[in-house]
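**Student:** Kindly generate the corresponding structure for this input.
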Amino acid sequence: MALMLEEDLTSSGVGCSSKFYVMGKKKTKRMRMRRKGTISPLIGNLSFLVSLDLRNNSFSGTLPMDICNYWPNIQSLDLSFNKFSGQLPSEIHRCKGLVELFLGYNMFDGGIPTDIGSLHKLELLDLGGNNLIGTIPSTVGLVPHVIFSMSSLRIIDLRRNTFSGYLPSGSSYRLHNLERLYLPGNQLEGNIPSYFSNSPKLIQLDFGFNLLTGPIPATSLGKLNNLRYLALQGNQLTGEPGNPELNFLTDLSNCSLQQLGEISFRNNEITGPIPDCILNLSLLQKLVLSANRLNSSIPVPLWDLENLLFLNLSSNFLSASLSASMRKSSVIENVDLSRNQISGNIPSVLGAFESLISLNLSKNTFEGKIPQSFGDLRALDILDLSYNDLSDTIPKSLEKLAHLKHLNLSFNKLTGEIPTGDLLQT
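**Tutor:** This is a model prediction of the structure:
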């Protein structure tokens, strides 16, 4: 049997009520309860519940420590996006049949009970967006090693808490069925362990915005053939020893991670050129390498990625010129190459990027004219060419950009009259 809350479409404000349904074989019960305040004690009488979904309400207060006495048969419990507070129930491990536990985006504090490791059927653990604290290693009240030894887990979400310390050692890692791991927005430090290669089913891996340092374990991550999303942004990561440059992408891409759809490594300390082998990431849709120390030129094969929608290489030390032989893209929507040292003329082929919504080439050393072909960027909403060495006049073709809302051509050497179209006069 399952219980769901359905919003009662009245306009009574705080007194707004909800219907709640208990569904099972040949049995349906209806009760009324409020969407705000504490949970009605009546729910505690529903010992037959298998699934309870109270997400996206305004329930508050603490959860009873003996919560499993109320619902001994519970398999799926979703209390996310409410205002529950206090510590996580210490007796949660008594819900032996629990498969899915959603407690994210409340105001829970304290640590994670170590006995949670006895939930041998648990596949999904979502504790993100709370005020949970503690260091990753060690004992009661902290994030226990035991989470990383729960072989049944497929999804772990601990994002946006205040966990600190180091990730567990490889000897305690047993997450062979893990598909998604989210740890961004904490205070984790140290290296990224290489043992994640022991999770061949991994699809998404996010360590963004922590205090991680040291090399990216590219060789081990390169074995994750099903990986589609890799986010390491906002740390202090480098390449591997003896190979501190971005060439670690060679290990990530050479005939291995062909499912990878998104890479986000911004705000790290990665140096060197972007390797040509990036072309092997044929399904890549989003590439964010901004705020690193990349140098050299942008490789021509990068523009051959047929599925690339979003490219951000801003705030690096990329130089040389953009190749006039770059392939035109019919799908890319956002290109940000600002705050680099790119020189030469702006290739007119950029005007053939027909789906482009935002183009930022500011704070480089581009020279010459603004291409007339930019008038063909009919979907363009943002165009920023400021702080370059562009000269001559503003092309009249820009009058055709009916969707353009933000145009910045400041700090160049442009001359002549502003085109008379309505768009550029407002």
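
**Student:** going forward, measure contacts between C-alpha atoms and count neighbours the same way
**Tutor:** Noted.

**Student:** looking at this, residue 237 is in a strand?
**Tutor:** Yes. Counting by DSSP: H, G, I helix; E, B strand; the rest coil, one finds residue 237 located in a strand.

**Student:** Report how many residues lie close to it.
**Tutor:** 25 (other C-alpha atoms under 10 Å).

**Student:** Contacts only, for the residue lying closest to it once chain neighbours are set aside.
**Tutor:** Nearest residue to residue 237 in three dimensions, chain neighbours excluded: residue 213, at 4.8 Å (C-alpha to C-alpha, 6 or more residues apart in numbering). Contact analysis of residue 213 by C-alpha atoms under 8 Å, 6 or more residues apart in numbering lists 189-192, 235-238.

**Student:** just curious, which of the residues you listed is nearest to residue 258?
**Tutor:** Of all the contacts of residue 213, residue 258 sits closest to residue 192, with 21.9 Å by C-alpha to C-alpha.

**Student:** wait, isn't the closest one in contact with residue 216?
**Tutor:** Yes. The pair residue 192 / residue 216 is scored as a contact, 6.7 Å apart, by C-alpha atoms under 8 Å.

**Student:** for the helix or strand where residue 287 lies, packing partners?
**Tutor:** Assessed by DSSP states H and E, residue 287 sits inside strand 286-288. Secondary-structure packing of strand 286-288 (3 or more C-alpha pairs under 8 Å, 6 or more residues apart in numbering; DSSP states H and E): strand 262-264, strand 310-312.

**Student:** Any chance of a markdown table for the ones you listed, columns mean pLDDT and mean neighbour count?
**Tutor:** Formatted as a markdown table, these follow (pLDDT from 0 to 100; neighbours: other C-alpha atoms under 10 Å):
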| stretch | mean pLDDT | mean neighbour count |
| --- | --- | --- |
| strand 262-264 | 94 | 19 |
| strand 310-312 | 98 | 20 |
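
**Student:** before we move on, the earlier item: tell me the strands beside the strand holding residue 287, with direction?
**Tutor:** As defined by DSSP bridges, the strand partners of strand 286-288 come to strand 262-264 (parallel), strand 310-312 (parallel).

**Student:** what's the first one in contact with?
**Tutor:** With contact meaning C-alpha under 8 Å, 6+ apart, strand 262-264 is reached by 228-233, 284-289.

**Student:** From those residues, list just the buried residues.
**Tutor:** 228-233, 284-289 (16 or more other C-alpha atoms under 10 Å).

**Student:** could these be laid out in a markdown table, adding distance to residue 220 and pLDDT?
**Tutor:** Formatted as a markdown table, the buried ones among the contacts of strand 262-264 follow (distance: C-alpha to C-alpha, whole Å; pLDDT from 0 to 100):
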| residue | distance to residue 220 | pLDDT |
| --- | --- | --- |
| 228 | 15 | 95 |
| 229 | 15 | 95 |
| 230 | 13 | 94 |
| 231 | 15 | 95 |
| 232 | 15 | 94 |
| 233 | 19 | 95 |
| 284 | 20 | 94 |
| 285 | 23 | 97 |
| 286 | 22 | 97 |
| 287 | 20 | 96 |
| 288 | 21 | 97 |
| 289 | 21 | 94 |
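
**Student:** Let me see the ranges of the helices in the stretch 101-250 of the chain.
**Tutor:** Along the stretch 101-250 of the chain, counting by DSSP state H, counting those that start in this stretch, helices occupy 218-221, 248-253.

**Student:** Oops, could you answer that again for the stretch 251-400 of the chain instead?
**Tutor:** Using DSSP H, counting those that start in this stretch, helices in the stretch 251-400 of the chain do not occur.

**Student:** mind showing which ranges of it have poor pLDDT?
**Tutor:** 251-256 (pLDDT under 70).

**Student:** Could you list the low-pLDDT ranges of the stretch 1-150 of the chain?
**Tutor:** In the stretch 1-150 of the chain, residues with pLDDT under 70: 1-36, 134-144.

**Student:** repeat that with 90
**Tutor:** The model of the stretch 1-150 of the chain has pLDDT under 90 over residues 1-48, 64-67, 70-71, 90, 110-115, 117, 132-149.

**Student:** Let me see the ranges of the strands in it.
**Tutor:** 2-7, 17-24, 27-34, 36-37, 51-53, 58-61, 76-78, 83-87, 100-102, 107-110, 124-126, 131-135 (DSSP state E, counting those that start in this stretch).

**Student:** Appreciated, that's everything.
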